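Enquirer: Any chance you could fold what I've pasted below:
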Amino acid sequence: MVPAWQSPIFFGLIPALNSPIPEPPLGQTIRVTESARWHDYTVTVLLGWLTSLTKRTIIVEFCEENLYANHWNDREESIDQKIHRMAMTGKVTIQPRNGETFLAKVIGFDSETIFLEISVPDPSGAVIDKAHFKDGSIMEGRAVTQNDLEIVMELKGSSRQSYSKSKLKKLELRVPVTVLEKKALPKADILKIMFEEIE
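Expert: Numbers count the residues shown, from 1 in each chain. Just a heads-up that it's a prediction; the model follows:
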């Protein structure tokens, strides 16, 4: 964060004493936040009656490469900025021109490419059992035995744990293990991106 300041005079009409807002480095954007701090109030109270001088502090934040600041004026927001702002809220459905459809998380983009994080099946072909409980928790491991009252699962480290079936909502057997994979997809290859609109 880099502080800057503005001090217009003559009822705010003349920008007399403004510090320059720094230019962002290549590949970065900035977010500007205007605020009033104690020293701004002090200058305004002491000199405001004489020359209509007011002072405000501006905070300039540099954002990560390929990412945009969170707050934008919608009327000045580009399509790329809107896509990024909306996609960052969660997973999006990508439909490339080759016909396949998959869920992904957008982690960045430039003028030609979208960078995605995709959950794909583990190349080793490993599978796992998943126990979904009514309280929303999920246990992963291998279901060893079960009867009318409980299920016994082998967890990581070969430890065994029994769970009451009255607390169980659903049991999934032999679910393929997934790993996260990063992928760069040219924008020209994308037919459609679907995501939930945010306020």
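
Enquirer: Going by C-alpha atoms from here, please, whenever you check contacts or count neighbours.
Expert: Noted.

Enquirer: Quick check: end-to-end length of stretch 93-112?
Expert: End-to-end distance of stretch 93-112 (Cα to Cα, to the nearest Å): 19 Å.

Enquirer: May I see the buried residues of that stretch?
Expert: Buried positions in stretch 93-112, judged by neighbour count with 16 or more other Cα atoms under 10 Å: 93-96, 103-109.

Enquirer: Same question for stretch 146-157.
Expert: Buried residues in stretch 146-157, counted by 16+ other Cα under 10 Å: 151-154.

Enquirer: Switch those over to JSON lines; also include distance to residue 189.
Expert: JSON lines is the format used below for the buried residues of stretch 146-157 (distance: Cα to Cα, whole Å):
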{"residue": "151", "distance to residue 189": "47"}
{"residue": "152", "distance to residue 189": "47"}
{"residue": "153", "distance to residue 189": "44"}
{"residue": "154", "distance to residue 189": "44"}
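
Enquirer: which of those residues sit farthest apart?
Expert: When Cα to Cα is used, the two most widely separated members of these are 151 and 154, lying 10.2 Å apart.

Enquirer: circling back to that earlier point, closest one of the buried residues of stretch 93-112 to residue 127?
Expert: The closest of the buried residues of stretch 93-112 to residue 127 turns out to be residue 103 (Cα to Cα; 20.2 Å).

Enquirer: Bridging across strands, which residues link to the residue nearest to the closest one when sequence neighbours are not counted?
Expert: Nearest non-adjacent residue to residue 103, counting by Cα to Cα, 6 or more residues apart in numbering: residue 93, 4.6 Å away. Legend: beta-bridge partners of residue 93 under DSSP bridges are residue 103, residue 194.

Enquirer: Same check on residue 131?
Expert: For residue 131, the residues forming beta bridges with it (DSSP bridges) are residue 139, residue 171.

Enquirer: how is this protein carved up into domains?
Expert: Listed domain ranges for the chain are 2-65, 77-121+179-194, 127-176 (source: automatic domain parsing).

Enquirer: just so I have it, where are all the helices in the protein?
Expert: Counting by DSSP state H, one finds helices in the chain at the ranges 38-51, 79-87.

Enquirer: By mean pLDDT, show me the worst of those helices.
Expert: Within the helices of the chain, the least confident segment by mean pLDDT turns out to be helix 79-87, at a mean of 62.

Enquirer: Count the residues that sit near residue 191.
Expert: The criterion is other Cα atoms under 10 Å. On that basis, residue 191 has 12 neighbouring residues.

Enquirer: Quick one: residues contacting it.
Expert: Residues in contact with residue 191 (Cα atoms under 8 Å, 6 or more residues apart in numbering) are 95-97.

Enquirer: Thank you, goodbye.
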